[in-house]
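Novice: structure, please.
(3 chains)
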Amino acid sequence: MKKEHQNFFHDVFEVVKLIPKGKVTTYGAIGAYLGLKSSARMVGWAMNASHAEKGIPAHRVVNSKGLLTGKHHFETPTKMEELLKKEGVKVKDGCVVEFTKHLWIPSKELL
DNA sequence: GACATGACGATTT
DNA sequence: GAAATCGCCATGT
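Specialist: From the prediction side, this is the model:
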């Protein structure tokens, strides 16, 4: 690990950091913003590296269904829901309520 | 250097 | 309409 390939991770982190409070985005949206159309996996993978950075609201990043797939990667499986609820995002059974309403797409919002 | 895996998405069968 | 499969790129072994 000499040259930390944060190249694409850094981009993801930057976008995630830009997510307004009370909003959520999807892996695909971030991927599309970075030009990685169908590389949503990489986005999720980058989030795995989010532990290397601080202030990465990974709880605001969910899959296209609004499902908190990454909740299991948090300190606690419920931490993600707690954080989202705390910010005004209603979560039920691991799913974001009114997901599309809270959806925040960088390609459109930052247009 | 090859194989397997990973917090997903879209497409095809 | 649901299930299975490919694609996508990087990381770890």
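Novice: residues from chain A in reach of DNA strand B?
Specialist: For chain A, the contact set with DNA strand B under Cβ under 7 Å from any atom of the strand comprises A:26-28, A:31, A:38, A:40-45, A:47-48, A:50-51, A:58, A:61, A:63-65, A:69-74, A:80. Bear in mind the C-beta positions are built from the backbone N, C-alpha and C, glycine included.
Novice: please report phi then psi for residue A:95.
Specialist: When read as degrees, to the nearest 10, the backbone of residue A:95 gives phi -120, psi 140.
Novice: repeat that for residue A:19.
Specialist: According to degrees, to the nearest 10, residue A:19 has phi -70, psi 120.
Novice: just to check, it is in contact with residue A:58?
Specialist: No. If you go by Cβ atoms under 8 Å, residue A:19 and residue A:58 don't touch, sitting 9.9 Å apart.
Novice: so which of these two has more stuff around it?
Specialist: For residue A:19 versus residue A:58, the count of surrounding residues by other Cβ atoms under 10 Å is larger for residue A:58: 23 against 20.
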